[in-house]
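A.B. asks: just the structure for this:
(chains A, B and C)
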Amino acid sequence: MRTASKSLGAFLVLFFAGSVAFAQCEADKFTIKCMEKLATGYTFMKSYKIDGNGGSKPKVEYSYVFSKGTNYMVTLANKDPELKGMSLSLYDSSRRLVASNKVDNKYFSAIGYTCGATGIYYLTFTFDETQDYCAAAVLGFNSKK
Amino acid sequence: MKKTYLILLAAAVLAGSGTGCESNRIPDQQAFAAADTTTKPTTVKVSKEVLSDIIQSIPSPLEVSFLIKDMGVKYDKTSLNSLSNIANYNTNYRKALNLGIYSTDLGYANVYGQTQDALNYVGSVKEMADGLSIGQFFDFATIKRLASNSSNLDSLLLVTTTNFEKINVHLQEQDRANLSILILTGGWLEALHLTCEVVKDHPNEALRERIGDQKVILGRLLTLLKYYEADPSIRTLLADLTEMQKHYDKVQVTKEYKESTTKEVNGMLQVVDNSITKVTVTDEDLNNISASSASIRSKIIN
Amino acid sequence: MIVLIRLLELVSSDKNFTPQRMGIIDTVSTVFNIEKEDYKVIERFVLNARSEDLQEFEEVLVASSDTTSRHPQAKHIHLHDLHGEIIFLRVRSVDIYFVKYAGTEDILLNGLMIKPFQTYLFSHGSSIKTPKSPPLYYSEVISQFMSGHQDYRLSFLAHNLEFRFPNGGIGLRDVSLLEGSSKLIGIMGGSGAGKTTLLNVLAGIEKPHQGEILINNFNIHTQQDKLQGVIGYIAQDDLLIEELTVYENLYYNARLCFETYSEAQLEKAVMNVLTSLGLEQTRNLRVGSVLEKTISGGQRKRLNIALELIREPAVMFVDEPTSGLSSRDSENVIDLLKELTLKGKLIFVVIHQPSSDIYKMFDKIFIMDKGGYPIYYGNPVEAVTYFKRATNQVDSERGQCAACGNVNPEQIFNIIEAKVVDEYGQFTQKRKMTPLQWNEYYMKKGRLENLPLYNEVPPQTLSLPSRLKQTLIFATRDFFSKVSNRQYLAINLLEAPLLAVLLAFIIRYQNTPGGSGEYTFRYNDNIPAYILVAILVALFMGLTVSAEEIIRDRKILRREAFLNLSRTSYLSSKLLILFALSAVQTLSFVLIGNAILEIHGMTFSYWVMLFTVSCFANVLGLNISASFNSAVTVYIMIPLLLIPQMILSGVIFSFDKLNDDLSTKGKVPLVADLMASRWGFEALAVEQFTNNPYQAPYYELEKTQSEAYYKNTYLIPELLEKLETSVVNHRATEDSVKTVLIRDLAILRNEINAEPHREGLTLDVNDALTSANFTPVVADQVRAYLGLLKETYSAQFNQADVKKEQMMTFFESDPAHAYRVTEYKNRYFNEALADLVKNATVKDRITEHQGRLYQQIDPIFQAPKPDAFFLDYRTHFLSPSKQFAGLTLPTFYFNLGIVWLTSAFLYLTLYLEAFRNAFALFGKLSFGWVRAWADTAARLLEGIRQWRPRKPAPRVEPAE
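C.D. replies: Here you go, the predicted structure:
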C-alpha cells in the first residue's frame, strides 16, 4: 500500500501542473522532485518552499514538533541534480545541531531522522555555494520502528 | 364535497399560520445596527511571519492515526464526529474548528482504508471549507475519485495534506489566520481525543507518552490563540484549553541529551537521535486530560 | 278563469239557472278579480251554443263553411265542408283563447276528440283538425284577432347577392329578395344547395362578394350601428348554456339585452316569453347536454327561439328549426314562428323536408338548387304547379290534394332533381333539368314584388348595459353555470390540494444528515424541484382550466354577436372567473404544499407568484381556445405550450449549455424570456433564498463577501496570468501569438475598466494595454494595481465576515430575539436551493467569452452589470436584481411584473384574435403560393451564388 509508485509521480506532475505560476521561483517543480525522492514507507506531511523570501535571503528556517519514536525524512531538491550548495541543518529546541545533509562536502538530497525526544526542532536551509535561491524540501514520516 | 374541501383548506390555513407565526423578533440588520456594535476586523499585533512559523510547526494529526493503526488497534467509527452534527456548524468559529476535526477524522478513516467513511468525511470537509470560502482548494472530484479506491491512499493523503497546506497559506495571506489556527486546534483536539479513547481500551506506554508530549503543542496553540483573544468565541475556547493546560502542567518531562549518530544508507543519510525524554503521566493526569479533551470537543461539535 | 268556465258549464249542463247558483258564480268571478266585461262574454260564450247569440262581441271568431261572415262584428274563417261552426273566444284582459264546437263532425283538438258544445282552452300551439278541411292552427286563429295590431314599417332587400367560399367555390349566384314585415319565408333546397349559406349571408354573418343587403335602406354589413338588435339568428345547433336552467338561460340573456329593466321587469319579460312558448313548466329544469337530456328536443328548440325572441328582433333567421324534432314538435315550432310573424316580424327559415301542414304555413318559399342557384321564390302551394307546369306534367294546375288539402313538398324536389331515364328504363345520374336551366327559367319569370321601401331606422328594443355591467352579468352567468357543474367544480377545487399533497408528501423524506430519521427543511434536496413543479402545476392548471372556455362558448358567442355585446366585457368576465379560480387553486396548493414541506414564512410570495403564473396560463389558454376550432386541437396544443416551458425554465437544462444560436454568454437566452416558467422559477428561487428569515439579515454581507471572493480567487489570478502571458508574448512576432496577446490585453483592458476600485491605477489602461504600447514596465504597474486590488477585496471580505459573525453573536445573545443560528438555518434555509442559486457545482468558475470574463459562481450574489443600454433588462439567470430604464428592481417584483406584462400582451392578442387571424392567413396560402415563393427564393439564391464570385468582398483587417 505504501509504495511511492511511478503512477504517484505522474499524478504529482498533473496535480501541480495547474498551479504553476509565473513567479520567479518555481518551487513547486522541485516539490514534485522531493516527493518522488521520499523513500518507500514514508507519508508526505509537509512541503517547504525555499525561495529565500522571493530569492533574497540565503537562509530560511522552519520549525516543527517532532515526536519521540517516529522516523522522519526530509528530501531536498533544486535545479542541480547534485543538490550543490544547498544544505539543511536540523537543530533541537536547545539549538543543538542534531543532523545535517552536508557530510564531507557532499550534499545529500535525503536525510532520515529517528526522533528520540519530543519537542520543537528547527529546519534551517541555507544556500552555501549557489546564487540561485530557489529550492524545495518535503517532510515525511514513518511511525514504524 | 365542498365541505371536505373547506375543512382541508381551513386546516391548511391553520397549519400555515400556526407554524408561520413567530413569537420572537425576526433578526434583521436594523436591529443589529440599532444595537450599535462596532464592527472592526480584529487586528492582531503579531507579524505574519511569526504566526506562520508557529502554525507550520504544529504536527499533522495523521501521525497519530498511523501510530494507532500500526499498533493493531481496530478502526472505531464511534470515536469520530458524527456527520449529522454538520447542521450545527453555522458560524466561522465552529466551521473552522470542525473543519479541523473532520479532517482528522478523514485522515483516520483514510489510514484505515475505510473508503465510504472517508468519502463522507470528504463531503463534510468540503462543506465546511465552502462555508469558509476556502472551498476552491478542494478539488472535490479528484478527492472523491482517489478516496473511492484504497490503493490510492498515498495520493489521497498527499492531495488532502497539500490542500490544507494551501489553505493555511491562503488564510494567512488573507488576514484570516485565526481560522487557520482554529482548524489546527480542531484537528489537534480530535487527534488527542482519538488517542485518549484508544488508551482507555488499549493501555499502551507509547500512546500515553504521546498524550503527554502534546504539552508542547498545546502550549504553541495557546500562544497562537492568545493573539485572537478579542474574539469572544476564541476567548471561551482559550479559557477551556487553559483549564486543560493545568492538567498538563502536572506532566513531567525530563530530557537526557546525547550526540546523535549519522550513517549513510543507500545514498541517503540516516540520523538517529540518541537523546531520550522521559514523560511521566499519572493515571489521574491521563483521566483529567481525557475528560477535559472530551468536554471541550463536545462543546465544539454539538 | 278556467274555474269560472267549468262552473258555468256545470250550471248549463242541466239548464237550471237559479239565482242562488248564479250568485255563487258571480262571487267566484269577483273573488278572482275577473272583470265584469269579461265575465259577461264568458258567460254568454259558455251558455250559448250558437254564434248568433254572440254576434255583438268583437272577440269572437267563427269558422264555418260559410264563405262570408254572417255577423258583421265577429271575425270569420272560411272552412269548406265543415258541418256546423267552431267558435273561438278571446278573453282580452288575460289573452287566453277558448274554443267550442257546434256541429256533428269528429273534430280533433290537439289530437283529442272534442265534445260538441263544450268549452275548451285553446292554448299555445294548439291545432284543430277537421275531417275534410285543412287544419286550423293557433297562429292562424290568433292572426285573425291580431291582424293590423302591429305593423312594422320594415323592408328587407337583398340585392344581387353573390358569395364565394374561401376555396373559390360559388355559394350563391345572383340572389335577390324583397320582403316586408309579418312574413314567414321558407328557404328550401337539396343538400348542398346553399340554404344555410344564404341564411348566413342574409343575417350578415357572412359577407357577400357582390350585392348588398339593406334593412330599411341600411346596409347590414356597413351600418351595423343603425341596426343594433334588429336581427336575430337561431342556429341549427343549440346555443344554450347546458349547466343553467331554462329560466337562467333566458334571464341572463335578458339582462344583457335590457339595461333599463328592473329586476321585476326582467322577471316578467322572461316569464312572458316562457309562457308564450309553453316553457313555463320546465323553467327550473337544467338544460343539460344533448346526451343527458332533461328537457325534450322541442323544448330545447323553443328555448333557443325564446333566447332571441325575448329581445324581439324585427328580422329573424332560423336555421332548420325542425331537424331532429318529432312531427308534433316541428309543427309547434313552426306555428310559433308563424305566430311571431303575425306580430309583425319577418322570419326566414331554412327548412328541410317539411310536412304538408308546415309547408303551407309559409307565406313564401325560396328554393335553391345545387351550386347556389335560386330557382323559385313565391307562394308555397303555387310552387308545385310552377314546377309541374315547367316540366309539362299532367294535372299541373293542381297544387294540392283536393280532398285532403295536403301538399307534398317532396314532389317539388322530385321534379327538380328528376333524372333522365335511359333506354333500359333505369335512372341515370344525369338530371333532366340542370340547376342552371332551372335558374334561367326562374330568371325569366320576373322581378321582385313591389313593396314599399322604408328609410327610417327600424324599431329597436335593445338597450345594452355598460361594459362593466356586461362583464358582471357575463361573470355571474359563467359562475352559476360552473357552480352547477358539480364534477367540474369538484375537480377544479380538489386538483390543487390533491397535487400539493401528492407532490409534497412524496418529496418529503427523512433527510437529516447522519440518518436520525427526522425531516428538516434545510436538507430537503427536492426544494428547487418543488418550486419548479409548483410553477408547472400553476401553468398546467391555468391552461387546462381556460383552454376550453371560448370553444365551449363559441356558439353562444355567435348568437350574442347579434347583440353587439362588448367583447372586452366578455373576455373580462372570463378572466374574472378564471383568475378567481386560479387564485383559489394556487392558494390551496401553496398552503398545503408549503405546510407539508415546512417552507415557512414564504406563503404569500409563493402564492403571488403561482397566481401570477396561473393567470398568465389562463390568458394563454384563452388565446388557444379562441384560435382553434376543436377541443381536441386545444388539448394537443397544451403539451406544445407546456413542454417548452419546462425545457426553458432554466432548471432542467442550464442556460449555459444550450445551442449557441440561442444562448448569450452571461445572459438568459432571449427565447427563455418568453417562458413564464423561467420568470416564475427565478423569482421564487431568488425570493426564497434571499428573503427567508435566516438569510435576510446576512444577505448583503454575504453578497459583499461573494464579490470579494470571486475577484480574489478567480478574477484577479486570471488577470495576473493573462498579464504574465502577455509579458512573455509581447515580443513575439508570430501572428498566432500576436492574436493571443491582443485577446489577452483586451480582456485585461475590459475587466480593469469594469472594476469600481481604481486606487493605485497609475496608467491609462486603454492606451497602455494595447499590443503597441505594452511593455514590462506597464506589466509591473498593472501587477502592482492588481496586488493592491486583491488586498482591497481581502479587507472587504474580512470586514463583512467579521460583521456577519458579530451579528450572529449579537442575535444569539440578545434575549429579545431568542435566536439560534442553527435553529433558524434548519427552519428557513435550504441547502439544495443554496447550491442551485450559488451554482455551486459548476466546474468552470470563470469563463472567457469575447473579450470579457464571466463569473459562473454565485449568480445570486452577483448584481447585474451596469453596462447595459437604457432599456436592456437582461441579466444572468438568478440575479438578485434587475435593471431596467435606469431603475434597479428586486428580481421577485421585476419578474412578477414581466409575467403580468406578458399576460397583458396575450390579452391584447386575445382581444384582436391575433393567433386566429394568423392561422387563418396561413390556411389561405395554397400550395401554389408556397411553390411560387419557393421558386422565387431558389432563383434569388441562385442569383446570389452567381453574383458573389465575380465581386469578392474586400477583406477587412481586424482592428485593435
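
A.B. asks: only C-alpha atoms for contact and neighbour calcs from this point on.
C.D. replies: Will do.

A.B. asks: any idea how far residue B:169 is from residue B:91?
C.D. replies: 21 Å (C-alpha to C-alpha, to the nearest Å).

A.B. asks: just residue C:523 next, same as before
C.D. replies: For residue C:523 relative to residue B:91 (C-alpha to C-alpha), the value is 18 Å.

A.B. asks: those two: which is more packed in?
C.D. replies: Using other C-alpha atoms under 10 Å in any protein chain shown as the criterion, residue C:523 and residue B:91 rank with residue C:523 on top: 21 against 18.

A.B. asks: name all residues that make contact with the more buried one.
C.D. replies: By C-alpha atoms under 8 Å, 6 or more residues apart in numbering or on different chains, the contact list for residue C:523 reads C:511-513, C:826, C:830-832.

A.B. asks: please repeat the previous calculation with a cut-off of 10 Å.
C.D. replies: B:87, C:509-513, C:826-827, C:829-833 (C-alpha atoms under 10 Å, 6 or more residues apart in numbering or on different chains).

A.B. asks: what's the distance between it and residue C:832?
C.D. replies: 7 Å.

A.B. asks: and the residue of the stretch 1-150 of chain B nearest chain A?
C.D. replies: Using C-alpha to the nearest C-alpha, residue B:57 is the residue of the stretch 1-150 of chain B that sits closest to chain A, at 3.7 Å.

A.B. asks: compute the distance between that residue and chain C, please.
C.D. replies: Separation of residue B:57 from chain C (C-alpha to the nearest C-alpha, to the nearest Å): 26 Å.

A.B. asks: quick check: phi and psi on that residue?
C.D. replies: For residue B:57, the backbone dihedrals (degrees, to the nearest 10) come out as phi -80, psi -10.

A.B. asks: for the residue lying closest to it once chain neighbours are set aside, list each beta-bridge partner.
C.D. replies: Once flanking residues are discounted, residue B:57 sits nearest to residue A:64: 3.7 Å by C-alpha to C-alpha, 6 or more residues apart in numbering or on different chains. Judged by DSSP bridges, the bridge partners of residue A:64 are residue A:121.

A.B. asks: so where's the longest helix in chain B?
C.D. replies: helix B:177-201 (DSSP state H).

A.B. asks: for whichever residue of chain A sits closest to chain B, which residues are in contact?
C.D. replies: Here chain A gets closest to chain B at one residue, residue A:64, 3.7 Å apart by C-alpha to the nearest C-alpha. If a contact means C-alpha under 10 Å, 6+ apart, then residue A:64 has A:46, A:92-93, A:119-123, A:139, B:53-60, B:217 as its contacts.

A.B. asks: out of those residues, which are buried?
C.D. replies: Among the contacts of residue A:64, those classed as buried by neighbour count (16 or more other C-alpha atoms under 10 Å in any protein chain shown) are A:46, A:92, A:119-123, A:139, B:54-60, B:217.

A.B. asks: narrow these to those in helices?
C.D. replies: Those of the buried ones among the contacts of residue A:64 mapping onto helices are B:54-57, B:217, per DSSP H.

A.B. asks: and stretch C:420-435, what's buried?
C.D. replies: Applying a neighbour-count criterion of 16+ other C-alpha under 10 Å, one finds C:432-435 buried in stretch C:420-435.

A.B. asks: closest one of those residues to chain A?
C.D. replies: Distances from chain A to these, taken by C-alpha to the nearest C-alpha, are shortest for residue C:435, at 91.7 Å.

A.B. asks: circling back to that earlier point, which one among the ones in helices among the buried ones among the contacts of residue A:64 gets closest to residue B:148?
C.D. replies: Ranked by distance to residue B:148 (C-alpha to C-alpha), those are led by residue B:56 at 29.7 Å.

A.B. asks: hmm, that closest one is touching residue B:165, no?
C.D. replies: Yes: with contact defined as C-alpha atoms under 10 Å, residue B:56 reaches residue B:165; the gap is 8.9 Å.
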